[in-house]
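[1] Model the following, please.
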Amino acid sequence: MSKRQNFNYRALGCLLATFVAGCSGSPSQPGTPYGVVPQANASLGHSVRARSWMSPQAKRKNLFYVSDLANNVVYVYTYPQGRLQGTLAGFDAPGGECVDRSGDVFITNGRGDSVDEYAHAAKEPKAVLATPGQTWSCSVDPTTGNLAVLFLSPSQGEGVAIYPHGHGSPTLYYASPSAALAYCGFDNAGNLFLDGGTDYEHVSFWEIPKGGSAFNEVSIAGEFYSAGQVQWDGKYLTIEDLAFDTISRVEFSGSSGTVVGVTMLGKMAFDSAYQSWIQSGTLLVPHTAQKNRNPTVGLWRYPAGGDHPQKMVRQPGSVPDAVVVSLTR
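    Presented below is the predicted three-dimensional model:
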């Protein structure tokens, strides 16, 4: 069973029985009702945020944010030291995370049909974006600041919502009914890449080119078993394999990609790694420690990887699902 399906069991309560092929779609018409939501809107399913706290010194520090699906909180640590600086509360199955150039962190609410935006080191959200359905992955376009969010609509299925400059009403791109999307990530040119699959044994990839209006299927020569995080590392598009605990670096020519290098993470339990983050030669990976099953964030050298992380940060929660780094400005 893939990590995407495990996430749906844990956070969304819906079952995608298999990954199946094909992916096409078109943007929605203008006037969509989705966009910024008043924070007092109780229909979002947010619990009271009274438990949120943040150290006053955090604003002057580089930070990394780790979402905890089981406890509906996000832990904030100094980067790379790993000292706890705060806890953000009141989420409804926080899963995917992404960050923009200003250091604002976007956190998806899996059951809340929304994405919360936090300024660097803030303990309350500066904005809440409504989505067409349950969410689990996001990415920010470095060329425009547009925010892409994967969602599952109860009536129309899976798709991508693109919020211009990270706010306002999104343009919606719906995948075909047979598609199962997993993660998304922009490259340095503003092209959005997505992974997912066709069945338990086959991972598939798509692209929405910058300025495009539909999903285009792309091929990547290489073996992938479980679709994971998609991210630009500064030179290559990277694809995380959640089953093999690897990060593959992919170089594209047209609609075809070739794996030019693989970062391997050893001595991790099978199916233990979650959405990773690459930051200036460091790879952060939330996972469950192999020996004692404790939730942990490991910091490896990137792209070297290896059997042991340079640093391990023990997390007080139970299901670490995603991590991003927010730098001071």
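
[2] C-alpha from now on. contacts and neighbour counts both.
    Will do.

[3] Wait, S219 touches S204, no?
    Yes: between S219 and S204 there is a contact under Cα atoms under 8 Å: 7.5 Å.

[4] which one of these two has more residues nearby?
    S204 (27 against 15; other Cα atoms under 10 Å).

[5] Not counting sequence-adjacent ones, nearest residue to that one?
    Spatial nearest neighbour of S204, chain neighbours left out: G197 (4.5 Å); criterion: Cα to Cα, 6 or more residues apart in numbering.

[6] In three-state terms, label that neighbour for me.
    strand (DSSP: H, G, I helix; E, B strand; the rest coil).

[7] which stretches of the chain have low pLDDT?
    1-50, 198-201, 267-272, 289-293 (pLDDT under 70).

[8] where do the helices sit along it?
    3-7 (DSSP state H).

[9] Does T108 touch Y118 like I think?
    No: the criterion here is Cα under 8 Å, and T108 misses it with Y118 at 11.4 Å.

[10] Same drill for the two, tell me which one is more crowded.
    Remark: of T108 and Y118, T108 carries more neighbours, 31 against 20, as counted by other Cα under 10 Å.

[11] Chain neighbours aside, what residue packs nearest to that one?
    Excluding the flanking residues, the one nearest T108 by Cα to Cα, 6+ apart is V115, at 4.4 Å.

[12] Enumerate every residue touching that neighbour.
    106-109, 128-131, 135 (Cα atoms under 8 Å, 6 or more residues apart in numbering).

[13] buried stuff in stretch 210-220?
    By neighbour count with 16 or more other Cα atoms under 10 Å, stretch 210-220 contains the buried residues 213-218, 220.

[14] Reformat those as a markdown table; add distance to Y183.
    Putting the buried residues of stretch 210-220 into a markdown table (distance: Cα to Cα, whole Å) gives the following:
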| residue | distance to Y183 |
| --- | --- |
| S213 | 19 |
| A214 | 17 |
| F215 | 14 |
| N216 | 15 |
| E217 | 15 |
| V218 | 15 |
| I220 | 16 |
